[in-house]
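In: okay, sequence plus prediction incoming.
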Amino acid sequence: MFRLIDLDEDGKVSAQEFVTGCMCLKGGAKTMDVAALLREVHKLSRAMDKSVAGLNARLDKMCTSFAANAAVAKKSHNAQNAQNTQSAQNASSAQRGQIVQPVQTVLYQSL
């Protein structure tokens, strides 16, 4: 019965808890059953709160990790794009040189 009225579950029943508990428990056996159920619901609620807090912490870690991985992937992607652009520019310059040189040769020969 003392466990039922120890609301803060510190192992001690304060005067306030005793008076409040006795007032709540006055009546028949049904009142005791309801008090026991309320206590269990309270314990389950606290356990659920702890579980949700743990899940939130894990989710935060996952989101942080995902964001870090996405940043690394983006940086790698940007570097690859820059390299591809440079390669394309170099190839374009080489192609222009291949076209311009024969044209210059033909023009000089015709003069």
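Out: All right, it came through fine.
In: may I ask which helix or strand of the protein has the lowest mean pLDDT?
Out: helix 2-5 (a mean of 69; mean pLDDT, DSSP states H and E).
In: what are the buried residues along the very next helix or strand once past that one?
Out: Counting by DSSP states H and E, the next helix or strand C-terminal to helix 2-5 is helix 15-25. Under the neighbour-count criterion of 16 or more other C-beta atoms under 10 Å, helix 15-25 has E17, G21, C24 buried. For the C-beta atoms, the positions are set from N, CA and C on the backbone; glycine is no exception.
In: I'd like those residues as CSV, with pLDDT and distance to N81 appended.
Out: Output for the buried residues of helix 15-25, formatted as CSV (pLDDT from 0 to 100; distance: C-beta to C-beta, whole Å):
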residue, pLDDT, distance to N81
E17, 80, 68
G21, 77, 70
C24, 73, 70
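In: where in this structure is pLDDT low?
Out: Scanning the chain for pLDDT under 70 picks out 1-2, 4, 27-29, 84, 86-111.
In: switch the cut-off to 80
Out: The model of the chain has pLDDT under 80 over residues 1-9, 21-33, 77, 79-111.
In: if I look at R39, how far off is A47?
Out: For R39, the distance to A47 equals 13 Å [C-beta to C-beta, to the nearest Å].
In: between the two, point out the one with more neighbours.
Out: Between R39 and A47, counted using other C-beta atoms under 10 Å, the more crowded position is R39 (16 against 10).
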